[in-house]
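Novice: Task: produce atomic coordinates for the following.
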Amino acid sequence: MRRWAGVTVLGFTLVAFALIAPTGSAQQRQALGHHVRFDLVQIVQGTLLAGGTDEGRDTPSGDMVELTGSGEFKPAVGDAAGGGTFIHRHANGIEVAHGVWVVTGFASWAPAGGFLPPVTDGIGEASEASAGIVTLHVQLTPSTGVSNPAQLSINCQLPGSTNPSIEEGIRLIVGGFIFEQAGGLTVFHVLE
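Specialist: Residues are numbered from 1 along each chain as shown. Below is the predicted model:
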């Protein structure tokens with residue numbers, strides 16, 4: 001009788017492990033973020049798409065920056081790549097500069113889990129979506145003038161996030177400016 005009880009317990013343990021292990025490995029993959037894609041996004045006809053524009057405002061000057069872009073990073077090895085466009089305007093709307101930005105390095109990644117609201121994911125798998133904050137080193141190259149090193153943080157807030165204080169959008173530090181989130185959407189997809 002004891003032998004059957006032991007076999008039954010072992011059977012239940014194996015079944016429980018089989019049911020829990022996929023969830024655990026998915027959560028572990030999401031926590032570690034082996035390979036993560038980021039996008040500044042837009043929602044068109046209920047579909048999440050790359051190609052959105054995020055805005056940041058420098059409080060002292062009132063200057064604004066608009067960014068587009070996508071990329072990816074591997075936190076465990078510190079690799080990052082990607083880029084997009086930027087437009088810098090004074091508070092009165094006059095353009096200061098426009099050009100491209102390119103990722104030059106990885107600084108940090110703080111995943112925060114969560115799930116996509118009811119939209120169709122036109123970028124990746126909805127199960128791969130994650131909230132979080134990545135900070136990257138970038139180079140801004142205007143169409144005329146000198147390139148500038150900068151620090152870009154991309155912040156994504158999703159329902160169910162483990163960090164409800166994340167403010168959706170971007171934060172760009174360049175020269176004497178600190179452009180804080182002023183509009184736009186972002187998303188991360190944690191990949192294999």
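
Novice: Next up, the contacts around residue 166.
Specialist: 112, 131, 132, 133, 155, 156, 157 (C-beta atoms under 8 Å, 6 or more residues apart in numbering). For the C-beta atoms, the positions are set from N, CA and C on the backbone; glycine is no exception.

Novice: As JSON lines, those residues with neighbour count and pLDDT would be great.
Specialist: Shown next, in JSON lines, are the contacts of residue 166 (neighbours: other C-beta atoms under 10 Å; pLDDT from 0 to 100):
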{"residue": "112", "neighbour count": "22", "pLDDT": "96"}
{"residue": "131", "neighbour count": "26", "pLDDT": "97"}
{"residue": "132", "neighbour count": "27", "pLDDT": "97"}
{"residue": "133", "neighbour count": "20", "pLDDT": "98"}
{"residue": "155", "neighbour count": "22", "pLDDT": "98"}
{"residue": "156", "neighbour count": "24", "pLDDT": "98"}
{"residue": "157", "neighbour count": "19", "pLDDT": "97"}
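
Novice: where along the chain do the helices fall?
Specialist: 2-32 (DSSP state H).

Novice: Would you mind giving the domain segments of it?
Specialist: 1-32, 34-191 (automatic domain parsing).

Novice: which stretch in the ones you listed is the model least sure about?
Specialist: Ranked by mean pLDDT, the domains of the chain bottom out at domain 1-32, with a mean of 39.

Novice: Tell me, how many residues neighbour residue 51?
Specialist: Residue 51: 15 surrounding residues under other C-beta atoms under 10 Å.
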